[in-house]
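A.B. asks: What shape does this take:
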Amino acid sequence: MFTFRLPMPLPENFEPAERDPKKLRRTAWILVAIMVVGGWLVMKAYNNYVAERAKDDRPSIIHRIQPERSLRVVRQDGETVDLMDLRDKVFAIHVVHTEQMEESSHSIHILKRAAETFSQEEDFRIVTLILNPGPPDQALKQLKQAASAMEVELPQWWVASNEQKTLTKFIRKELKPSMPPGEVEGRWKFDPSIVLVDRNGHLRRAVVPQKKGGPPYIAPFDFDQAAQWDAEGKKTGTDLSNAQQLELLLMETIEKLLAEPFEE
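C.D. replies: Numbers count the residues shown, from 1 in each chain. Okay, here's the model as predicted:
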């Protein structure tokens, strides 16, 4: 039940406190000093954080391929497998159109060197996705021919595909390409970059700390772009060309990912 209460009466000898201007000024200056020091400490902490991030060269996580969004493929040996079969391994994945092989030539050459460098590493694999597998009764022949043309073999190197619509949807949504694969005026447009996937299904890119500070550069493994920069005369600040520097970053990133644990 609601009870109405009268306000407490003020005492008869109540008088308002006298304000001391000196005390008020001193309190104000104390508050200002606290705000200044607090702001300086926050700024210092932020600058320290940015400086540490600028030195951080751990491969950046871009996306994660969840098991339910994985891709089943037919491989060059006729086996039906799933990319999640590579869970707990590090793998490089890229896209090829067999009638436009020249557009993937940079990535193929780099991946061949990676295959040689890590030939003794059981936990490293390479996956080539064929954009044009053809009719189902011709797909296996197409995959075998592509593997033969690239001179690659199992178990290290998968040459695989799926029905074109399913494949292009997976590439677009899960590999995060610079351009979605599709046919334009009778020719296929697609991103031939190399994508690295760690043991836990994360897409990873190289991180390049900036010498002058600031946020690091997140480097996609786009060797066509690196070759273009070299053709334009752009320098890396090292003795290496852009393509050579990016290849070095790729190899270093693979090594770092191989050293990371698999998480159940």
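A.B. asks: What strands line up against the host helix or strand of T128, and which way round?
C.D. replies: Using DSSP states H and E, the element containing T128 is strand 124-130. When pairing is defined by DSSP bridges, strand 124-130 lines up against strand 90-96 (parallel), strand 157-161 (parallel).
A.B. asks: Rounded mean pLDDT for that strand, please.
C.D. replies: For strand 124-130, mean pLDDT rounds to 98.
A.B. asks: With just CA atoms, put that strand into CSV.
C.D. replies: Below are the C-alpha coordinates for strand 124-130, written out as CSV (Å, rounded to 0.1, in the frame of the first residue of the first chain):
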residue,chain,number,x,y,z
PHE,A,124,51.4,-29.4,-46.0
ARG,A,125,49.1,-29.8,-49.0
ILE,A,126,48.2,-27.9,-52.2
VAL,A,127,44.8,-27.8,-53.8
THR,A,128,44.1,-26.6,-57.3
LEU,A,129,40.4,-26.0,-58.0
ILE,A,130,39.5,-26.5,-61.7
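A.B. asks: in that strand, what's buried?
C.D. replies: F124, R125, I126, V127, T128, L129, I130 (16 or more other C-beta atoms under 10 Å). No exception for glycine: its C-beta is placed from N, CA and C like everyone else's.
A.B. asks: Which residues does that strand contact?
C.D. replies: Strand 124-130 is contacted from outside by 73, 83, 86, 89-98, 108, 111, 114-115, 118, 142-143, 146, 150, 152, 155-161, 167, 171, 254, 258, using C-beta atoms under 8 Å, 6 or more residues apart in numbering.
A.B. asks: Out of the strands paired with strand 124-130, which gets nearest to K234?
C.D. replies: Closest approach to K234 among the strands paired with strand 124-130 is made by strand 90-96 (23.6 Å; C-beta to C-beta).
A.B. asks: name the helices or strands packed onto the next helix or strand after the closest one?
C.D. replies: Next helix or strand after strand 90-96 toward the C-terminus (DSSP H and E): helix 105-117. Packing partners of helix 105-117 (3 or more C-beta pairs under 8 Å, 6 or more residues apart in numbering; DSSP states H and E): strand 90-96, strand 124-130, helix 223-231, helix 242-259.
A.B. asks: what angle separates helix 105-117 from strand 90-96?
C.D. replies: 150 degrees (axes from the mean of the first three to the mean of the last three C-alpha atoms, to 10 degrees).
A.B. asks: buried residues in helix 105-117?
C.D. replies: By 16+ other C-beta under 10 Å, the buried positions in helix 105-117 come out as H106, S107, I108, I110, L111, A114, A115.
A.B. asks: if we can go back for a sec, which one of the strands paired with strand 124-130 lies closest to R187?
C.D. replies: From the strands paired with strand 124-130, taking C-beta to C-beta, the stretch that ends up closest is strand 90-96, at 14.4 Å.
A.B. asks: Touching the closest one from outside, list them.
C.D. replies: 83, 104, 107-108, 111, 114, 123-131, 146, 171, 175, 177, 181, 190-199, 254, 257-258.
A.B. asks: Pull out the buried residues from stretch 221-231.
C.D. replies: Buried, per 16+ other C-beta under 10 Å, within stretch 221-231: F221, D222, F223, D224, Q225, A226, A227, W229, D230.
A.B. asks: Run the chain-centre distance for it.
C.D. replies: 18 Å (C-alpha atoms, centre = their mean, to the nearest Å).
A.B. asks: Kindly report the same for stretch 107-117.
C.D. replies: 20 Å.
A.B. asks: what mean pLDDT does that stretch have?
C.D. replies: 97.
A.B. asks: pull the CA atoms of that stretch into PDB?
C.D. replies: C-alpha atoms of stretch 107-117 as PDB (Å, rounded to 0.1, in the frame of the first residue of the first chain):
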ATOM      1  CA  SER A 107      50.700 -19.000 -58.800                       C
ATOM      2  CA  ILE A 108      51.500 -22.400 -60.300                       C
ATOM      3  CA  HIS A 109      55.200 -21.600 -60.600                       C
ATOM      4  CA  ILE A 110      55.300 -20.300 -57.000                       C
ATOM      5  CA  LEU A 111      53.300 -23.300 -55.600                       C
ATOM      6  CA  LYS A 112      55.700 -25.700 -57.400                       C
ATOM      7  CA  ARG A 113      58.600 -24.100 -55.500                       C
ATOM      8  CA  ALA A 114      56.600 -24.300 -52.300                       C
ATOM      9  CA  ALA A 115      55.900 -28.000 -53.000                       C
ATOM     10  CA  GLU A 116      59.600 -28.600 -53.400                       C
ATOM     11  CA  THR A 117      60.500 -26.600 -50.300                       C
END
